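Enquirer: missing the sequence, but the structure's below:
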């Protein structure tokens with residue numbers, strides 16, 4: 001792989017995480033891939049998201065939609081304001097990244113007179129919490145006092161829970177169908193004590209879930225059981241309100257299409273994509289696309305209703321993106337915004353791959369973001 005070389009501090013960071021992983025494998029003899037992914041991303045102080053390395057923006061490993069343009073947050077604010085009006089004036093963002101989306105949303109919601117009474121952030125990383133806090137206090141000081149950070153899910157909640165590029169970073173099972181049955185990949189220690197990948201027969205519950213997909217022999221892919229459980233847990237806790245998620249992925253029939261026979265797992269390091277999740281754990285983001293059919297089914301089974309599912313492009317257009325763009329009077333600034341809009345909505349960029357899904361309880365009204373281009377029938 002032709003990747004930028006990590007510096008000495010980054011190498012030491014990864015080495016400490018690898019030592020932790022090796023010790024756990026040595027105790028059990030085998031580590032499921034989902035457990036490895038959880039440690040690589042979230043091990044306290046060492047995982048990719050819990051460490052202090054820069055992750056977002058041009059100086060990090062990838063750029064998210066909020067980092068790309070403030071228009072993303074302004075459009076999303078339109079839908080969140082509507083949902084709060086239909087439920088309760090409270091927002092909860094799961095995984096707030098740099099805090100850019102939170103700041104943009106609070107600013108826009110205050111501008112339109114729909115600021116939430118509370119804005120909670122569910123964030124496990126102490127480093128990211130401090131970055132989020134500093135950004136919010138600097139850019140929207142009048143509303144900073146309404147922001148609260150949570151260590152875990154609240155017992156009950158009314159309002160809107162939302163997340164942007166969250167589900168793709170939840171641990172997945174890595175599996176394959178063979179002539180002998182269903183296998184899962186995991187990690188072992190090789191003869192030299194180094195971490196290595198291995199395959200073994202999947203446990204019965206996992207094997208049954210994979211067989212239900214009808215995959216042909218030789219097909220390798222992922223199963224997002226942690227994402228399903230996360231959605232179901234929120235569904236049980238929401239009294240009245242919505243769960244709105246934005247991420248890249250497909251309906252199940254497209255996710256497990258015959259042409260996608262090597263899965264969707266991908267890693268990101270300094271704006272380079274690669275497919276080696278065991279390279280420098282703690283320094284790389286590890287992601288898998290989202291099976292939105294499974295997300296919707298998990299929410300439905302736990303008592304939520306599907307309110308809409310569409311592409312990011314359709315959602316942003318429905319939420320007033322053209323009007324926001326025309327509000328920019330300065331030609332150079334408008335040209336910059338045009339370029340941003342192209343990245344957010346073009347089928348060749350984020351517009352088609354990224355989807356928006358919303359599940360609700362106690363809300364019967366049609367939602368603005370899904371007024372045109374709804375694809376719920378594809379799930």
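Expert: Done, it's in. Note that the structure is a prediction, hence the values are computed from the model and not measured.

Enquirer: just the strands in the stretch 151-300 of the chain please.
Expert: If DSSP state E, counting those that start in this stretch is used as the criterion, the strands of the stretch 151-300 of the chain fall at 157-164, 173-178, 181-189, 195-201, 220-223, 238-250, 266-269, 272-274, 285-287, 290-291.

Enquirer: Between these, which has the poorest mean confidence score?
Expert: Mean pLDDT is lowest for strand 272-274 among the strands of the stretch 151-300 of the chain, at a mean of 88.

Enquirer: Show residues contacting that strand.
Expert: Residues outside strand 272-274 that contact it (CB atoms under 8 Å, 6 or more residues apart in numbering) are 1, 2, 3, 4, 266, 267, 268, 284. Every residue, glycine included, has its C-beta placed from N, CA and C.

Enquirer: Can you give the distance of that strand from its chain's centre?
Expert: On the basis of CA atoms, centre = their mean, to the nearest Å, strand 272-274 sits 18 Å off its chain's mean C-alpha point.

Enquirer: Farthest from the middle of the protein: give me that residue.
Expert: The centre of the chain is farthest from one residue, residue 191, which by CA atoms, centre = their mean lies 36.4 Å away.

Enquirer: that's a helix at residue 344, yeah?
Expert: Yes. Counting by DSSP: H, G, I helix; E, B strand; the rest coil, residue 344 is part of a helix.

Enquirer: Spatially nearest residue to it (excluding sequence neighbours)?
Expert: Nearest residue to residue 344, sequence neighbours excluded (CB to CB, 6 or more residues apart in numbering): residue 350, at 5.6 Å.

Enquirer: correct me, but the one you found touches residue 312?
Expert: Yes. If you go by CB atoms under 8 Å, residue 350 and residue 312 touch, sitting 5.8 Å apart.

Enquirer: shared neighbours, the two?
Expert: By CB under 8 Å, 6+ apart, residue 350 and residue 312 have these common neighbours: 65, 344.

Enquirer: who touches the most centrally placed residue in the chain in this structure?
Expert: Compute the mean C-alpha point of the chain, and by CA atoms, centre = their mean the closest residue is residue 166, 1.8 Å away. By CB under 8 Å, 6+ apart, the residues touching residue 166 are 94, 95, 245, 247.

Enquirer: In TSV, list those residues along with distance to residue 66 and neighbour count.
Expert: Shown next, in TSV, are the contacts of residue 166 (distance: CB to CB, whole Å; neighbours: other CB atoms under 10 Å):
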residue	distance to residue 66	neighbour count
94	14	20
95	12	20
245	14	27
247	13	23
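
Enquirer: all helices of the chain, in order?
Expert: Ranges of helices in the chain, per DSSP state H, are 8-28, 33-42, 65-68, 70-86, 100-111, 126-139, 204-211, 225-237, 252-255, 292-301, 312-318, 321-326, 331-345.

Enquirer: mind checking the backbone torsions on residue 152?
Expert: In terms of degrees, to the nearest 10, the main-chain angles of residue 152 are phi -160, psi 180.

Enquirer: ok, and the closest non-adjacent residue to it?
Expert: Closest residue in space to residue 152, ignoring its immediate chain neighbours: residue 122 at 7.6 Å, by CB to CB, 6+ apart.

Enquirer: That neighbour: how many residues sit nearby?
Expert: Around residue 122 there are 18 other residues, counting by other CB atoms under 10 Å.

Enquirer: Check what pLDDT it gets.
Expert: pLDDT for residue 122: 97.

Enquirer: show me what contacts it?
Expert: 92, 93, 94, 95, 149, 150, 152, 153.

Enquirer: Correct me if wrong: the last one contacts residue 237.
Expert: Looking back up the chat, that one is residue 153. Yes. Contact criterion CB under 8 Å: residue 153 and residue 237 qualify, at 6.1 Å.

Enquirer: From residue 41, how far out is the nearest residue to residue 34 once chain neighbours are set aside?
Expert: Setting aside the residues directly before and after it, residue 34 is nearest to residue 171 in space (CB to CB, 6+ apart), at 4.1 Å. As defined by CB to CB, to the nearest Å, residue 171 lies at a distance of 7 Å from residue 41.
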